[in-house]
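J.: Okay, here's the prediction I keep looking at, along with the sequence it came from:
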Amino acid sequence: MPARLDAIAAAPEKAAAGVGTSAVDMPAAPLDAGPLFRQAGAEGTLLVYDVRRDKLLAYNPARARAAYPPASTFKIFNSLIGLETGAVKDVDSDKLPWDGHVYTIGGKAILPEVCNGDVPLRTAFPNSCVPAYQALARRVGPAPYRHYLAAAGYGNQDLSGPVDAFWLTGKLRITAYQQIDFLRQVAARTLPFSPRTYAEALDIMVTERTPAYTLRAKTGWAGAAQPEVGWWVGWVERGGDTYVFAMNLDLTRPELGRARMEITRAVLGQLGVL
């Protein structure tokens, strides 16, 4: 078990069931991530929550209370909702249609070429294929979104804006603390989704699998924020333990997109989680 986390406090071990106390109300021990953010020249925050020991570590907790568009981190919830409602039949055979739009900035494509076509969720999730998830959202419709966002207490639950873009350019906002609350429910499978939905959605979320741990995560790039904000959120399963993390930083330079993962992985490595 990670020595740094064990040294924080002798809190009694307990299994998580649902959200319980919101992460924002938990006592948090300092997380020594400052040197990594400064080395990257980035302004951001990082939370790491040890589920079984109910321990939270926080770097820049004040920023962790600031709300931003979830951007592509919402693909975690979108996948669960799409599968549960039948808007998409499964993660492999049901291909979501491409609308023919190529996403570019300054004339340069910003999505992998594989997104420019009809794709299943197994392709759309890791490649962040925006058109595929917009097609899924149009199939889902507003009412199921209202139901599931309320059930999860997801962010500010504001669905203002087009149904296929409210998590990108609408008014939906979420804090790093709220990301922790949402993700620990998903990891514990306490939200109202079927075992089949969980099995398929969590399978496509796997970013890395080793004999020691499984990492499930999703990036996000909130272009509607000023400055633009990058997310990396997810959790690590290691033996019988689960460690949930949420980080965001200001994307003032394109190369900071890589820093989201680099900083978080370095911290998780120092903690013995990775």
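T.: Here it is on my side, so go on. Numbering: from 1, shown residues only.

J.: how about the helices of this structure, start to end?
T.: Secondary structure of the chain (DSSP state H): helices at 3-6, 34-40, 61-64, 75-85, 121-124, 130-140, 142-152, 176-188, 195-204, 256-270.

J.: who wins for proximity to residue 216 among the ones you listed?
T.: Across those, residue 216 has its closest neighbour in helix 195-204 (6.4 Å, C-beta to C-beta). Where you see a C-beta, it was placed from the backbone N, CA and C, and this is true even at glycine.

J.: average model confidence for stretch 44-52?
T.: Averaged over stretch 44-52, pLDDT sits at 97.

J.: what about that stretch, distance to the chain center?
T.: Relative to the chain's own centre, stretch 44-52 is displaced by 12 Å; criterion: C-alpha atoms, centre = their mean, to the nearest Å.

J.: same thing with stretch 184-195?
T.: On C-alpha atoms, centre = their mean, the centre of stretch 184-195 falls 14 Å from that of its chain.

J.: Touching it from outside, list them.
T.: Contact with stretch 184-195 is made by 16-19, 49, 51, 76, 80, 83-84, 148, 151-152, 198, 201-202, 216, 235, 237, 242, 244, as judged by C-beta atoms under 8 Å, 6 or more residues apart in numbering.

J.: Only the buried subset of the residues you listed, as a PyMOL command please.
T.: Buried members of the contacts of stretch 184-195, defined by 16 or more other C-beta atoms under 10 Å, are picked up in PyMOL with:
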select buried, resi 16+19+49+51+76+80+83+84+148+152+198+201+202+216+235+237+242+244
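
J.: possible to save the helices of the chain as TSV with mean pLDDT and distance to residue 163?
T.: Converted to TSV, the helices of the chain look like this (pLDDT from 0 to 100; distance: least, C-beta to C-beta, whole Å):
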stretch	mean pLDDT	distance to residue 163
helix 3-6	44	40
helix 34-40	97	36
helix 61-64	98	29
helix 75-85	98	11
helix 121-124	98	17
helix 130-140	97	5
helix 142-152	97	5
helix 176-188	98	20
helix 195-204	98	20
helix 256-270	97	27
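
J.: closest to residue 221 out of the ones you listed?
T.: In terms of C-beta to C-beta, the element of the helices of the chain nearest to residue 221 is helix 256-270, at 7.0 Å.
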